[in-house]
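Asks: sequence-free structure coming up:
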């Protein structure tokens, strides 16, 4: 499809399909379970999935299959199949969960009430990555209208924001009761650049158990917060060590990184704190050894134990691995990367430092690429937005994909 034809096609859908669909979705506060412990009672996850499923079912697509996969205690997954004459498939993937509200939205803007201003659509999830999902759903009828030779499958899951856990049961079905795609496009915000690599993420929680005492007799206790402060200081030292180690200039920053995300401890100012816990995260270059940082940290923690246990034998430091998202590195001959490059007209790929499900798909033997509308700098923050120009570029990309698969 030439650029002029694609632009005419996109403009025909823009006002009637894309913007209204995004607006309805943004109004649903379907935050990740980490940020909404009562997500099952609130029902926002189901409401959002049903909204998308209803829109798909309303389309005049012969042979369309729409399934909401539910398992006890797990968030739903929406799977749609747009049939084609062949057996190979291309999968378009996105995640439906959102970050929390955050404070600091400028006057006239809010997370759950979408606002279109100066060529930008504001609201939680517009950039990450509901703009891509809206574009995909809006183009679904046109996919079928082109009499596809290659079926297009759509999969939208939850829990990406908390470790990419929601998609894993779906991945386990690929090659079993679901076909293994010849290419997967993950629509995370890349400014429509073609991404073939991202860093690995490992999440940890450290619990320091001390001994309570009256603050006038601190020598009778073990201050868990003070111990935690030493441990955080060690993590900062390791972070500096990582910054001085090997670099990969494809990534920004070009090194493995480490940060403490939260810390909680203590009871009252006049009590030596018995407990302190903190969560921390490592984002490693694909070439890095993911075991190196925790090994170094645990070794340092062990040096603190003798002094703690000299006061109380039941004190300690326990670090648990809460989960990981594998690094993504597409193969040199990746069919997915080649497809995205040809559709965008880009001459080269790029790499990103954030994590996605792409590494999980690639590990499962599915050629994967990341390419979607929006800038990651606008995600996970107040005043989140996606520019209409980016959504239009995504629509053109998907229109060309449909033409290619016909």
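Replies: Ah, there it is. Given the structure is predicted, the values throughout are model-derived calculations rather than measurements.

Asks: ranges for the strands of the stretch 51-200 of the chain?
Replies: Ranges of strands in the stretch 51-200 of the chain, per DSSP state E, counting those that start in this stretch, are 65-69, 77-82, 90-95, 115-117, 120-122, 152-157, 183-186, 195-198, 200-209.

Asks: could I get those strands as a markdown table with distance to residue 272?
Replies: (C-beta placed from N, C-alpha, C; glycine too.) Formatted as a markdown table, the strands of the stretch 51-200 of the chain follow (distance: least, C-beta to C-beta, whole Å):
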| stretch | distance to residue 272 |
| --- | --- |
| strand 65-69 | 50 |
| strand 77-82 | 48 |
| strand 90-95 | 44 |
| strand 115-117 | 50 |
| strand 120-122 | 47 |
| strand 152-157 | 45 |
| strand 183-186 | 49 |
| strand 195-198 | 43 |
| strand 200-209 | 12 |
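
Asks: among those, which comes closest to residue 305?
Replies: Closest of those to residue 305 is strand 200-209, at 10.7 Å (criterion: C-beta to C-beta).

Asks: residue 327 and residue 200 touch, don't they?
Replies: Yes: between residue 327 and residue 200 a contact is recorded at 3.7 Å, counting by C-beta atoms under 8 Å.

Asks: overlap in contacts of the two?
Replies: Shared contacts of residue 327 and residue 200 (C-beta atoms under 8 Å, 6 or more residues apart in numbering): 284-286, 359.

Asks: looking at those residues, which are in helices?
Replies: residue 359 (DSSP state H).

Asks: domains of the chain?
Replies: Domain assignment for the chain by automatic domain parsing gives 3-198+327-405, 200-325.

Asks: most packed of these?
Replies: Of all these, domain 3-198+327-405 carries the top mean neighbour count, a mean of 19, counting by mean count of other C-beta atoms under 10 Å.

Asks: give me the pLDDT for residue 293.
Replies: For residue 293, the pLDDT comes out at 98.

Asks: wait, residue 24
Replies: pLDDT, residue 24: 86.

Asks: packing partners for the host helix or strand of it?
Replies: Assigned by DSSP states H and E, residue 24 belongs to helix 19-26. Applying 3 or more C-beta pairs under 8 Å, 6 or more residues apart in numbering; DSSP states H and E, we find helix 19-26 packed against helix 44-57, helix 131-145.

Asks: got a list of contacts for that helix?
Replies: Outside helix 19-26, the residues touching it (C-beta under 8 Å, 6+ apart) are 48, 51-52, 55, 112-114, 116, 121, 123-126, 130-131, 133-134, 137-138.

Asks: returning to what we had before: mind putting the strands of the stretch 51-200 of the chain into a markdown table with distance to residue 397 and mean pLDDT?
Replies: What follows is these, written out as a markdown table (distance: least, C-beta to C-beta, whole Å; pLDDT from 0 to 100):
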| stretch | distance to residue 397 | mean pLDDT |
| --- | --- | --- |
| strand 65-69 | 23 | 91 |
| strand 77-82 | 17 | 92 |
| strand 90-95 | 11 | 95 |
| strand 115-117 | 22 | 88 |
| strand 120-122 | 18 | 91 |
| strand 152-157 | 13 | 94 |
| strand 183-186 | 9 | 98 |
| strand 195-198 | 14 | 98 |
| strand 200-209 | 27 | 97 |
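
Asks: who wins for proximity to residue 341 among those strands?
Replies: Among those, strand 195-198 sits nearest to residue 341 (C-beta to C-beta), with 9.3 Å.

Asks: please state the offset of that closest one from the chain centre?
Replies: 14 Å (C-alpha atoms, centre = their mean, to the nearest Å).

Asks: try stretch 325-338
Replies: Distance, centroid of stretch 325-338 to centroid of chain: 17 Å (C-alpha atoms, centre = their mean).

Asks: ok, stretch 312-332 next?
Replies: Centroid separation between stretch 312-332 and its chain, computed with C-alpha atoms, centre = their mean, is 18 Å.

Asks: next helix or strand past the helix or strand containing residue 337?
Replies: According to DSSP H and E, residue 337 maps onto helix 335-344. As assigned by DSSP H and E, the chain's next helix or strand after helix 335-344 is strand 350-352.

Asks: that following strand: partners in the sheet, and parallel or antiparallel?
Replies: Note on strand 350-352: by DSSP bridges, its sheet partners are strand 195-198 (parallel).

Asks: among the strands of the stretch 51-200 of the chain, which comes closest to residue 247?
Replies: It is, among these and with distance given as C-beta to C-beta, strand 195-198, at 14.3 Å.

Asks: touching the closest one from outside, list them.
Replies: 188, 250-251, 286, 327-330, 334, 337, 349-356, 358-359, 369-371.

Asks: where along the stretch 201-350 of the chain do the helices fall?
Replies: Under the criterion DSSP state H, counting those that start in this stretch, the stretch 201-350 of the chain carries helices at the ranges 224-243, 292-311, 335-344.

Asks: export those to CSV and tack on distance to residue 217?
Replies: What follows is those, written out as CSV (distance: least, C-beta to C-beta, whole Å):
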stretch, distance to residue 217
helix 224-243, 15
helix 292-311, 11
helix 335-344, 64
